[in-house]
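A.B. asks: mind looking at a prediction? Sequence and model below.
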Amino acid sequence: QVQLVESGGGLVPAGGSLTLSCVASGLVFTRFDMGWYRLGPRNQREFVALARAGSTHYAYSVPGRFPLSPHNANNTVNLQMNSLKPADACVYSCNATHPFPSLTHWGQGTQVTVSS
């Protein structure tokens, strides 16, 4: 059974930093795209960043602010969130996607709150 367990959310003042961590189990970590998404203001899921085959990819909304660090040795993918803004406050979810056959898994989500 695949599990994605997130941690690291919380309350931080504007301009501060948080590190979100996602630990995956029940899957072959290196065969999945591992990434983070967040719920937008209209509750739509927005792409933030992902790691795929040794490369990282980012949304245009977070260029350079949210470096992604996959750690294959311990099945973990971390999202370092820097220079946080109130607009970044929402629920962040970890995602594991296998391209073929198409499989996708989600974590339970972790809340990030940014005070102005």
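C.D. replies: Received, thanks. Residues are numbered from 1 along each chain as shown.

A.B. asks: quick check, central residue of this protein?
C.D. replies: Most central in the chain under C-alpha atoms, centre = their mean is Trp36, positioned 2.4 Å from the mean C-alpha point.

A.B. asks: which residue sits closest to it, ignoring its sequence neighbours?
C.D. replies: Distances taken as C-beta to C-beta, 6 or more residues apart in numbering place Val48 nearest to Trp36, at 4.4 Å, with adjacent residues excluded. Every residue, glycine included, has its C-beta placed from N, CA and C.

A.B. asks: just the CA trace of the host helix or strand of the one you found, in CSV.
C.D. replies: Mapping Val48 onto the secondary structure by DSSP states H and E places it in strand 45-52. Extracted C-alpha coordinates of strand 45-52, given in CSV (Å, rounded to 0.1, in the frame of the first residue of the first chain):
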residue,chain,number,x,y,z
ARG,A,45,-4.9,22.1,-7.4
GLU,A,46,-1.9,24.0,-8.6
PHE,A,47,1.5,22.5,-9.5
VAL,A,48,4.4,23.7,-7.5
ALA,A,49,7.4,21.5,-8.2
LEU,A,50,8.4,18.0,-9.1
ALA,A,51,11.4,15.7,-9.5
ARG,A,52,11.6,13.5,-12.6
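
A.B. asks: check which helices and strands that strand sits against.
C.D. replies: In this structure, strand 45-52 packs against strand 33-39, strand 55-58, strand 68-71, strand 76-81, strand 90-98, with contacts taken as 3 or more C-beta pairs under 8 Å, 6 or more residues apart in numbering; DSSP states H and E.

A.B. asks: who's in contact with Gly10?
C.D. replies: Gly10 sits next to 18, 111-113 when contact means C-beta atoms under 8 Å, 6 or more residues apart in numbering.

A.B. asks: which one of the helices and strands packed on strand 45-52 lies closest to Gly8?
C.D. replies: If you check each of the helices and strands packed on strand 45-52 against Gly8 by C-beta to C-beta, strand 76-81 wins as the nearest, at 8.0 Å.

A.B. asks: isn't Gly35 up against Ser93?
C.D. replies: No. Using C-beta atoms under 8 Å as the test, Gly35 is too far from Ser93 to be in contact (9.5 Å).
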